[in-house]
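**Q** Quick one, fold the following:
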Amino acid sequence: MKTLIMGLGRQGFRILELLLERDFDHVTVYDRSKDAVSSAEEQFGNRISVLERSPLGCNEPECALSSFDLLVDALPSVWSYPLLQAAAKAGIRVVSVSFLEEDFMALNAEARASGTLIVPDCGAAPGFSHLMAGYSVRKLGGASRVVMKLGAIPKSPVAPFYHSLTWSVEDLMEEYVRPAKVRRNGQIKAEGPFDSIQEETIAGLKLQSFVSDGARSFLTSYPDVQEMEERTLRWHGHMEFMAGLRDAGFLSHEPIHLGSIAVIPIRFLAKVLEKQFGNLERDDMFIMEIIVEGETCNHVHYYNMPYNPEIDVFGLVNSVAVTAAETASMIRDGVIDEKGVLPLELLATETVFTRMADAHRRHGATVELENQA
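**A** The predicted structure is shown next:
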């Protein structure tokens with residue numbers, strides 16, 4: 001199987017490692033950063049090939065993609081939708097970990113017509129979170145309520161930030177301003193992240209949660225679920241810190257002019273936070289509690305992927321990469337052979353769920369499912 005990995009950031013690089021561990025051959029990589037490509041070449045040598053030019057730079061990107069069987073999209077979200085459009089035209093299968101703003105389901109008809117499969121939002125959350133929830137909705141024969149609680153948090157939070165920076169800080173800041181789509185009493189609504197901060201106790205940890213925009217495709221995949229939301233977990237103190245920054249105007253996208261220079265506060269804030277808190281202790285964990293309430297019993301999934309000090313990989317990065325790599329493996333092995341645009345909650349068979357859970361356990365995660373009467 002000829003595989004192309006687009007993007008060699010933390011997630012893309014870890015996905016590359018995992019695919020090679022799974023004996024993927026003919027793996028080609030692309031990243032506009034020469035340093036990222038050089039690091040990959042230094043570590044993996046002739047086990048990989050390098051694509052010198054992005055397919056998106058071609059007049060007909062689908063032609064550049066057509067020589068591959070599988071595309072792993074680990075690009076920043078601004079570039080991902082055009083890439084998925086080209087892949088649908090080219091008829092190659094796609095595993096995408098990007099958090100797209102565009103409606104990826106708009107590509108469903110073209111993907112089906114070309115006989116290919118696109119698995120969007122194929123990371124940790126959304127991604128494995130949706131697979132766990134979708135599996136339980138199927139297993140229980142339906143559900144009245146789905147709540148996905150999750151967060152990448154430091155093992156030992158430090159004041160005043162009480163958080164860690166393990167991925168794009170600009171994207172992280174968007175979590176505190178972007179309205180979150182939820183379903184209340186059967187109706188989809190948009191709520192602000194500071195509207196309903198809740199106290200949580202998960203795995204013995206005293207945390208807080210706020211609504212975040214990660215339910216996404218699950219809202220339409222399972223329209224009969226009357227109550228549905230995703231909630232992001234944080235240590236106490238963090239939301240108060242962020243609320244102060246919001247009230248001071250630092251979460252605004254409206255430019256402020258300093259002489260002839262226009263500064264966007266939220267982007268400036270991201271740079272300041274990265275400089276100030278980017279070198280905190282790396283020991284983090286990515287935790288999830290997925291609650292699915294059925295007619296006669298409930299399912300509760302518990303998940304914890306800790307930081308791996310042996311290979312210096314954050315819990316969230318590892319969780320994203322394992323999900324993507326195992327999905328790619330199941331496509332290669334013929335376990336997943338559907339056509340169209342299908343997020344993981346629509347692929348949540350017994351086999352897919354079991355293989356995915358086992359893969360996460362092999363890479364250090366705790367994955368448990370509890371039946372509650």
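**Q** which residues of the stretch 1-150 of the chain fall in helices?
**A** 10-21, 34-44, 61-65, 77-90, 108-113, 128-139 (DSSP state H, counting those that start in this stretch).
**Q** I meant to write the stretch 251-373 of the chain there.
**A** Per DSSP H, counting those that start in this stretch, the stretch 251-373 of the chain carries helices over the ranges 265-277, 315-332, 350-362.
**Q** Could you pull up the mean pLDDT of the second one?
**A** The predicted model gives helix 315-332 an average pLDDT of 98.
**Q** Equivalent analysis for stretch 161-177, please.
**A** Mean pLDDT, stretch 161-177: 85.
**Q** Now find how far off-centre stretch 284-298 is within its chain.
**A** 18 Å (C-alpha atoms, centre = their mean, to the nearest Å).
**Q** Buried residues, it. List them.
**A** 284-294, 298 (16 or more other C-beta atoms under 10 Å). Yep, even glycine has a C-beta here, placed from its N, CA and C like the rest.
**Q** ok, and the closest non-adjacent residue to residue 114?
**A** Distances taken as C-beta to C-beta, 6 or more residues apart in numbering put residue 91 closest to residue 114, at 3.9 Å, once the chain neighbours are dropped.
**Q** ok, how many other residues are close to that neighbour?
**A** 16 (other C-beta atoms under 10 Å).
**Q** do you know how far it is from residue 340?
**A** 12 Å (C-beta to C-beta, to the nearest Å).
**Q** How about residue 295?
**A** Using C-beta to C-beta, residue 295 is found at 30 Å from residue 340.
**Q** excluding its backbone neighbours, what's nearest residue 262?
**A** In space, residue 262 is closest to residue 255, 4.2 Å off (C-beta to C-beta, 6+ apart).
**Q** Could you pull up the residues touching the residue nearest to residue 178 when sequence neighbours are not counted?
**A** In space, and not counting its chain neighbours, residue 178 is closest to residue 213: 5.2 Å by C-beta to C-beta, 6+ apart. With C-beta atoms under 8 Å, 6 or more residues apart in numbering as the criterion, the residues that contact residue 213 are 175, 178-181, 230.
**Q** where does the closest residue to residue 331 other than its chain neighbours land on pLDDT?
**A** Counting by C-beta to C-beta, 6+ apart, the nearest residue to residue 331 once its immediate chain neighbours are dropped is residue 93, at 5.7 Å. pLDDT, residue 93: 98.
**Q** Can you report how many residues lie near residue 93?
**A** Residue 93 sits with 24 neighbouring residues when counted by other C-beta under 10 Å.
**Q** Which positions are bridged to it in the beta structure?
**A** Residues in a beta bridge with residue 93, per DSSP bridges, are residue 70.
**Q** do residue 127 as well
**A** Beta-bridge partners recorded for residue 127 (DSSP bridges): residue 123, residue 124.
**Q** re earlier: quick one: pLDDT of the residue nearest to residue 262?
**A** Here the pLDDT value assigned to residue 255 is 94.
**Q** got the contact list for residue 214?
**A** Here residue 214 is in contact with 125-126, 129, 148, 150, 180, 230, 232 (C-beta under 8 Å, 6+ apart).
**Q** So which elements touch the lowest-mean-pLDDT helix or strand in the chain?
**A** Lowest on mean pLDDT, DSSP states H and E among the helices and strands of the chain sits helix 169-174, with a mean of 83. Counting contacts by 3 or more C-beta pairs under 8 Å, 6 or more residues apart in numbering; DSSP states H and E, helix 169-174 is packed against helix 265-277.
**Q** quick one: average pLDDT of the helix it packs on?
**A** The average pLDDT within helix 265-277 is 92.
**Q** Ok, stretch 346-364 next?
**A** On average, stretch 346-364 scores 98.
**Q** hang on, the earlier thing: who touches the least confident helix or strand of the chain?
**A** With C-beta under 8 Å, 6+ apart as the criterion, helix 169-174 contacts 77, 99, 165, 251, 266-267, 269-271, 273-274, 278.
**Q** With distance to residue 304 added, can I get the helices of the stretch 1-150 of the chain in JSON lines?
**A** What follows is the helices of the stretch 1-150 of the chain, written out as JSON lines (distance: least, C-beta to C-beta, whole Å):
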{"stretch": "helix 10-21", "distance to residue 304": "18"}
{"stretch": "helix 34-44", "distance to residue 304": "28"}
{"stretch": "helix 61-65", "distance to residue 304": "37"}
{"stretch": "helix 77-90", "distance to residue 304": "26"}
{"stretch": "helix 108-113", "distance to residue 304": "34"}
{"stretch": "helix 128-139", "distance to residue 304": "12"}
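**Q** Point out the most buried one among these.
**A** Compared across the helices of the stretch 1-150 of the chain, helix 128-139 shows the largest average neighbour count, a mean of 26 (mean count of other C-beta atoms under 10 Å).
**Q** Only alpha carbons, please: show it as CSV.
**A** Output in CSV follows, covering the C-alpha atoms of helix 128-139 (Å, rounded to 0.1, in the frame of the first residue of the first chain):
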residue,chain,number,x,y,z
PHE,A,128,-11.5,7.9,19.6
SER,A,129,-14.0,9.7,21.8
HIS,A,130,-16.6,9.4,19.1
LEU,A,131,-15.7,5.8,18.4
MET,A,132,-16.3,4.9,22.1
ALA,A,133,-19.6,6.8,22.2
GLY,A,134,-20.8,5.4,18.9
TYR,A,135,-20.0,1.9,19.9
SER,A,136,-22.0,2.2,23.1
VAL,A,137,-25.0,3.8,21.3
ARG,A,138,-25.0,0.8,19.0
LYS,A,139,-24.4,-1.7,21.8
